[in-house]
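1. Coordinates for the following, if possible.
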Amino acid sequence: MFENLTDKLQGVFSRLSTRGKLSEADVDVALREVRLALLEADVNFKVVKDFIQRVRERAVGVEVMKSLTPAQQVIKIVHEELIATLGEPARLNLSGPSPHVIMLVGLQGSGKTTMAAKLALSLRKSGQRPLLVAADTYRPAAVTQLEVLGRQLDMPVHSEGTKVPPPQICANAVKHAREAAHSVVLLDTAGRLHINDEMMAELEKVKARTDPQEVLLVVDAMTGQDAVRVADDFNKRVGLTGLILTKVDGDARGGAAISVRAVTGVPIKFLGVGEKTDALEVFHPDRLAGRILGMGDVLSAIEKAQQVMDQDQAMKMGQKMVKGEFDLEDFRAQLQQLKKMGPLTQLLDMIPGLSGMTKQLSPDVTDQQLKVIEAIINSMTPEERHSPRIINASRKRRISRGSGTSVQDVNELLSQFRQMQKMMKQFGDVGKHGRGRMRGLLSMFGGPQ
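-> Predicted structure coming up:
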């Protein structure tokens, strides 16, 4: 989402880094470019003005002028002020007696129903017993959509059709949750195409009947500055406790994410980063600031790996790597785990120094390449996967025909795999002399510390 903004900010910083000592004029020129980049990214004008003023006050002071690396110090200041603009990290309030009620509100089309399912899945993974409530009786098939999502996730859904008033449905659901020992109730309330008094009055009634701990606004990041206005209006009428930005993986300019906290004072709690039900991230302002400035987000990449990878399998793989016993069967298993982590371009964006590669790669191309590699390995016999050295010319022809690829594709895969095996063997040799570092690496992916 922040690709254009990231490119422009990196351009500004790279020009700064070519200079030795920075003058006040150098800082002003750089900040003028930063200001334009933020405005073009659809960041609120007042937010940009305050942000630039704070950065300038620090950047033209002793803090930078006496620094040995003034350009890096300016980047550090921009990073810190961007984190401050995005706000402090906020967690769900699940204190007090259960069931804890979470009320989801928002305009129609913001992805509220899907987000209810994503949030329920995330809460279940953390040990909660969520109950989904179909309280949108206006949008056609909204109740059915939530019931279908509930069946897909094996998640209980409380629904009473479309004839019962939503405030009554929600009150009944909370009563049922208390009796059935559900720890969290997620209210999927109705949205409208635009904000109106009828909609707000109904939400106020739902809130009065259920006394929710959290009132979360689900807002589409693609709507730009309109998202900030919507958040402000909902906050004034219903009293929001948090925001969830959806479609963060889209091609929106990203200004809403930067502006919404500063304008409304309401914290962002989650980011929707894809269409799948597990495509939900807890909002970390420091990590998002790192992504915007092209610094990557290694912690989120590690967390994604820990969520989708089998911990025992990861440990066995690590031990095989150390011993130099990693084969194509293991490589195929790793590819299957990698695919669960989402599009490859998203993962590259999280790794410092590799985010620039995503501009040259399309998600379709990279994911297609993974499918081709997997098809080639699937066309091998178990013996060939365990001992690739036995694959001669006739075997390569058979494998290429079976996978719908060329002999050249098979050769490239085998060559790349041999290089990877050499690197792993060297890494394993280093590990023999530094077991502590090896254990530390494996522990990130589920191994013992």
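2. Can you report how many residues lie near D327?
-> Residues within reach of D327, counting by other Cβ atoms under 10 Å, total 15. Any C-beta I mention is one placed from the backbone N, CA and C, and that applies to glycine too.
3. same check, this time on N392
-> Neighbours of N392 under the rule other Cβ under 10 Å: 8.
4. for V260, same thing?
-> Neighbours of V260 (other Cβ under 10 Å): 29.
5. For the helix or strand containing it, give the mean pLDDT please.
-> Counting by DSSP states H and E, the element that carries V260 is helix 255-264. The average pLDDT within helix 255-264 is 80.
6. And it, what does it pack against?
-> Contact here means 3 or more Cβ pairs under 8 Å, 6 or more residues apart in numbering; DSSP states H and E; on that basis helix 255-264 packs against helix 45-59, helix 70-86, helix 225-238, strand 242-246, strand 268-272.
7. Now do that helix: distance to the chain's middle.
-> Computed by Cα atoms, centre = their mean, to the nearest Å, the chain-centroid distance of helix 255-264 equals 18 Å.
8. hmm, who's touching it?
-> Helix 255-264 is contacted by residues 1, 38, 41-44, 46-47, 50, 82, 85-87, 219, 221, 223-225, 227-228, 231-232, 235, 240, 243, 245, 248, 266-268, 271, 288, 292 when judged by Cβ atoms under 8 Å, 6 or more residues apart in numbering.
9. Can you flag the buried ones in those residues?
-> 1, 38, 41-44, 47, 82, 85-87, 219, 221, 223-225, 227-228, 231, 235, 240, 243, 245, 248, 266-268, 271, 288, 292 (16 or more other Cβ atoms under 10 Å).
10. Spell out the secondary structure type for the residue sitting furthest away from the middle of the chain.
-> Here the centre of the chain is the reference, and by Cα atoms, centre = their mean the most remote residue is S394, at 45.2 Å. Counting by DSSP: H, G, I helix; E, B strand; the rest coil, the backbone at S394 sits in helix.
11. Which pLDDT does the model give it?
-> Note for S394: predicted pLDDT of 94.
12. now it: how far from N378?
-> Per Cβ to Cβ, to the nearest Å, S394 is found 19 Å from N378.
13. which element is the nearest residue to T162 once chain neighbours are set aside on?
-> Closest residue in space to T162, ignoring its immediate chain neighbours: T137 at 4.2 Å, by Cβ to Cβ, 6 or more residues apart in numbering. Assigned by DSSP H and E, T137 belongs to no helix or strand.
14. Adjust the sequence numbering to begin at 51 for everything that follows.
-> Got it, first residue is 51 now, which makes that one T187.
15. surely T187 meets Q218?
-> No. T187 is beyond contact range of Q218, at 10.3 Å (criterion: Cβ atoms under 8 Å).
16. Those two: who's more crowded?
-> Remark: of T187 and Q218, T187 carries more neighbours, 19 against 14, as counted by other Cβ under 10 Å.
17. Now do L118, the pLDDT please.
-> pLDDT, L118: 50.
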